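**Q** Structure, please.
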Amino acid sequence: MDSGPLAKTSTMKTLGLIGGMSWESTTTYYQEINRRVREVQGGLHSARCIVFSFDFAEIEALQHAGKWAEAGAMLDDAAARLKLAGADALVLCTNTMHFVSHGLEAHLPLIHIVDPTAQAILKAGYKSVGLLGTRFTMEKDFYKSRLADKFGLQVIVPNDEGRDTVHTVIYTELCNGIINHNSRTDYYTIISELKQAGAECLILGCTEIGLLVDEPGSDLPVFDTAQIHAIAAADWAMGN
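**A** So this is what the prediction gives:
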């Protein structure tokens, strides 16, 4: 019996995915992680994953009520369950909920969504980024400060009207799998405004935005956090 493939598979770490926020983007994570493993290892190889998927309606209600401690406690419970199930590291399949991710590393290592995104931007030679995401991600300091303080990136967000548009489309359309042409046009207009404000590239700082926005239609080079994060997680699992 050829032990080569078996030996390679045995070195694969198990990823614990915390998803369902929304499940539309969690499917992207699962696909991208497995595509990356197949690309690197070939053959029938795929990723070792355990998925904990939330009922997003519960999470969304806590977010908009400002009950972040309760939302964080739910993440901590999911992390504990994934550890018991055999996960080696955590992948939080959402940007916004990294606001309350600080307790997760008490359970397992966390592959943080900002870090591989920022590294990719710096590798491409950009210093100033436009950020699209939920209002929480665009307005709270947890995301922008990590980009600025850890990686030295200047972060530009849309004006208040633009932030409202981006946020509303995420929750009322993208999280429900609705792709609206008018919303795509609105997003591209906001991206153009970010470029005029000095942004050199664009972070899709919500894992659903990639369902609506792509680089050919954008005035700025696009860095899709869901794709970048998923590939980084797969590479970590493979030991790359």
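**Q** Quick one: neighbours of Ala106, just the number.
**A** 11 (other C-beta atoms under 10 Å). Just so you know, the C-beta spots here come from the backbone N, C-alpha and C atoms, and that holds for glycine as well.
**Q** helix/strand/coil for Ala71?
**A** helix (DSSP: H, G, I helix; E, B strand; the rest coil).
**Q** Quickly find the element holding the residue nearest to it when sequence neighbours are not counted.
**A** Counting by C-beta to C-beta, 6 or more residues apart in numbering, Leu62 is the residue found nearest to Ala71 once chain neighbours are left out, at 4.3 Å. Using DSSP states H and E, Leu62 falls within helix 56-64.
**Q** Ok, Leu220 next?
**A** Here Leu220 is assigned to no helix or strand, by DSSP H and E.
**Q** tell me the phi and psi of the closest residue to it other than its chain neighbours?
**A** Nearest residue to Leu220, sequence neighbours excluded (C-beta to C-beta, 6+ apart): Leu202, at 4.2 Å. Here is the backbone geometry of Leu202 (degrees, to the nearest 10): phi -130, psi 130.
**Q** same question, Ile203
**A** Main-chain dihedrals, Ile203, degrees, to the nearest 10: phi -100, psi 120.
**Q** Please apply the same query to Val91.
**A** Dihedral angles (degrees, to the nearest 10) for Val91: phi -130, psi 110.
**Q** Then the one 5 residues further on?
**A** In terms of degrees, to the nearest 10, the main-chain angles of Thr96 are phi -60, psi -40.
**Q** okay, now it: neighbour count?
**A** 25.
**Q** Could you check the pLDDT of it?
**A** Looking at Thr96, its pLDDT stands at 94.
**Q** got the contact list for it?
**A** 21, 63, 133-134, 136-137, 206 (C-beta atoms under 8 Å, 6 or more residues apart in numbering).
**Q** run the last query once more with 7 Å
**A** By C-beta atoms under 7 Å, 6 or more residues apart in numbering, the residues touching Thr96 are 63, 133-134, 136-137.
**Q** What's the separation between the closest residue in space to Asn180 that isn't next to it in sequence and Ile209?
**A** By the measure of C-beta to C-beta, 6+ apart, the closest residue to Asn180 outside its immediate chain neighbours is Glu173, 5.5 Å from it. To Ile209, Glu173 is 11 Å away according to C-beta to C-beta, to the nearest Å.
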